[in-house]
Structure formats: C-alpha cells, structure tokens
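1. Attaching a predicted model along with its sequence, questions to come.
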Amino acid sequence: MLSNKRIQELELVMEFEKVEECFKEVSSWIENVGRKRLKETINLDDSLEMLLQAQKQFKEFDLVASEYCRRGQEALKKMNQWEDFSFVDVHSYRVKLQTYEDELEEFCTQLDETRHRVCETVRLYEFFDKVRQGI
C-alpha cells in the first residue's frame, strides 16, 4: 500500500511539472503582456471614433488573453485530482498551485471587468452620439 501511495505521489509530481511549465508560460504572458495591456485600457479616449478604435484593439487582445486564461484553467482542472490525496510531501506543490490559481483568477476577472467596461463605454458614447445628432 505504501508503495502504491509513493507511485501515485510520483505520478502527481510528474503531472505537476507539466502543469507548472504551462503555468510559467501563462504567468509570464500575464506579467509581461496581459497586465500592461489592461492598464492601457484604463483611460479610454473621449471621442467615439477613438473609443471604437480602442475597442477594436482590445477585442484583438481579448482573444489572445482569453486563450491564455483557458489554457491556465484547463491545466488547473488536470490538478483537481490532488484534492483526493493527503500526502505531506505534496504540500509545497499545492501551495504553488494555489498561487498560480489565484494569479490566473485575478487576471481573468480583470479581463472580464475591462471587457464589460469597454463595451459599456462604447454603448454610452454611441447613445450620446445619437442624442447629439437628433438635436
């Protein structure tokens, strides 16, 4: 039984190494590209034309960012099996995994909020543009 537990532990560690490689790539992209691009969309331009341009650029970024979020979430799903094991030896891996999960969740939430804000801002500017043209 002890041997089987050790084999399972080794299999989980090997799986974690694959997942960690994926998360390092995702985390690196989030840090070096994703967060910077989200910060760029904090101040949206004052004209509808410029705002529509910013929305177009954000949509292109959003496609790539959503793909990174999806990849990170798929990797996390692979590690759900860790919850069934209570090995002391895998505690440090669980801590790392939780750190990756928190980082991914925070970024994906910020991405969703930015997507919503950009969309609502465009709708508001379009409404005001129609009102202004109707006057």
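-> Structure received.

2. What's the local residue count around Gln110?
-> 16 (other Cβ atoms under 10 Å). For glycine as for every other residue, the C-beta is placed from the backbone atoms N, C-alpha and C.

3. what's the longest helix in this protein?
-> Longest helix in the chain, counting residues (DSSP state H): helix 91-134.

4. Ser27 and Leu44, how far apart?
-> Separation of Ser27 from Leu44 (Cβ to Cβ, to the nearest Å): 27 Å.

5. Pull out the buried residues from stretch 109-123.
-> The neighbour-count check on stretch 109-123 (16 or more other Cβ atoms under 10 Å) flags 110-111, 114-115, 118, 121-122 as buried.

6. what's in contact with that stretch?
-> With Cβ atoms under 8 Å, 6 or more residues apart in numbering as the test, stretch 109-123 has contacts from 34-35, 38, 41, 44, 48, 51-52, 54-55, 58, 62, 65-66, 69.

7. at 10 Å what do you get?
-> For stretch 109-123, the surrounding residues in contact (Cβ atoms under 10 Å, 6 or more residues apart in numbering) are 30, 34-35, 37-42, 44-45, 48, 51-52, 54-55, 57-59, 61-62, 65-66, 68-69.

8. Mind checking which of the residues you listed are in helices?
-> Checked against DSSP H, the contacts of stretch 109-123 include these in helices: 35, 37-40, 48, 51-52, 54-55, 57-59, 61-62, 65-66, 68-69.
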